[in-house]
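**Student:** compute the structure for the input listed below.
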Amino acid sequence: MTSGAPDLAVDIVERSPLWREPVADLDALCTETARAALAGSAMPLRGPSELSIVLGDDALLRQLNARWRGIDKPTNVLAFAAEERESPPDAPRLLGDVVIALETLAHEAEAQGKPLVHHLRHLIVHGVLHLLGYDHIEPAEAERMEALEAAILRRLDVPDPYRVSEASDG
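**Tutor:** Reported below is the predicted structural model:
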């Protein structure tokens, strides 16, 4: 494994046919983004690892959100970290699953005036960081996580999603 290139297998699971049109080279984009999130996370892995990105829809995210968070509405992204268990010596470490709803993603991207691909990359980075143990419940945690997300996204040529656009400043 070379420096900055984590030994990470990314399994892309397409749970909704809605994903077939809006993003070119979807598997490559998801894999590149997940690897960038891991490389920029300041949490080096010990050996090969694996995660899944589930490309779902609002119905799936609503069902998962209701079951696991008690909130009966869709959301943009959910992250389910794998339980820490002893794995066979040659098996990769399972990080967990990042699940994304296309309709919510598209609605948010449009409302925020940003390209769908930029928002998708942001949600993947956000979800992967959750799998690695980052959180945003407390203000200091949120500030740390947002700064890390912005730094990772910058390496992917995505503007800081937490910064107000300066385009209107004249």
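**Student:** from Tyr162, how far out is Ser52?
**Tutor:** As judged by C-beta to C-beta, to the nearest Å, Ser52 and Tyr162 stand 26 Å apart. All C-beta spots, glycine's among them, are computed from the backbone N, C-alpha and C.
**Student:** skip the chain neighbours and tell me the closest residue to Ala34.
**Tutor:** Spatially, and ignoring its direct neighbours in sequence, Ala34 is nearest to Val10 (4.8 Å; C-beta to C-beta, 6 or more residues apart in numbering).
**Student:** all strands for this protein, in order.
**Tutor:** Taking DSSP state E to define them, one finds strands in the chain at 8-14, 49-56, 77-81, 93-101.
**Student:** contact partners of stretch 99-111?
**Tutor:** Residues from elsewhere that reach stretch 99-111 (C-beta atoms under 8 Å, 6 or more residues apart in numbering): 16, 18-19, 22, 53-58, 60-61, 64, 74-80, 115-116, 118-120, 123-124, 127.
**Student:** got a quick ChimeraX command for the buried subset of those residues?
**Tutor:** To isolate in ChimeraX the members of these that are buried, counting by 16 or more other C-beta atoms under 10 Å, one can use:
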select :16,18,19,53,54,55,56,57,58,60,61,64,74,75,76,77,78,79,80,118,119,120,123,124,127
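**Student:** helices - which of the contacts of stretch 99-111 land there?
**Tutor:** Using DSSP state H, Asp58, Leu60, Leu61, Leu64, Leu116, His118, His119, Leu120, Leu123, Ile124, Gly127 are the members of those that sit in helices.
**Student:** tell me which two in those are the farthest apart.
**Tutor:** Farthest-apart pair in these is Leu64 and His118; separation 24.1 Å (C-beta to C-beta).
**Student:** low-confidence ranges, the protein, go.
**Tutor:** For the chain, residues meeting the criterion pLDDT under 70 lie at 1-6, 85-87, 89, 164-170.
**Student:** quick one: contacts for the residue nearest to Ala34?
**Tutor:** Contacts of Val10 by C-beta under 8 Å, 6+ apart are Cys30, Thr31, Ala34, Arg35, Glu50, Leu51, Ser52, Ile53.
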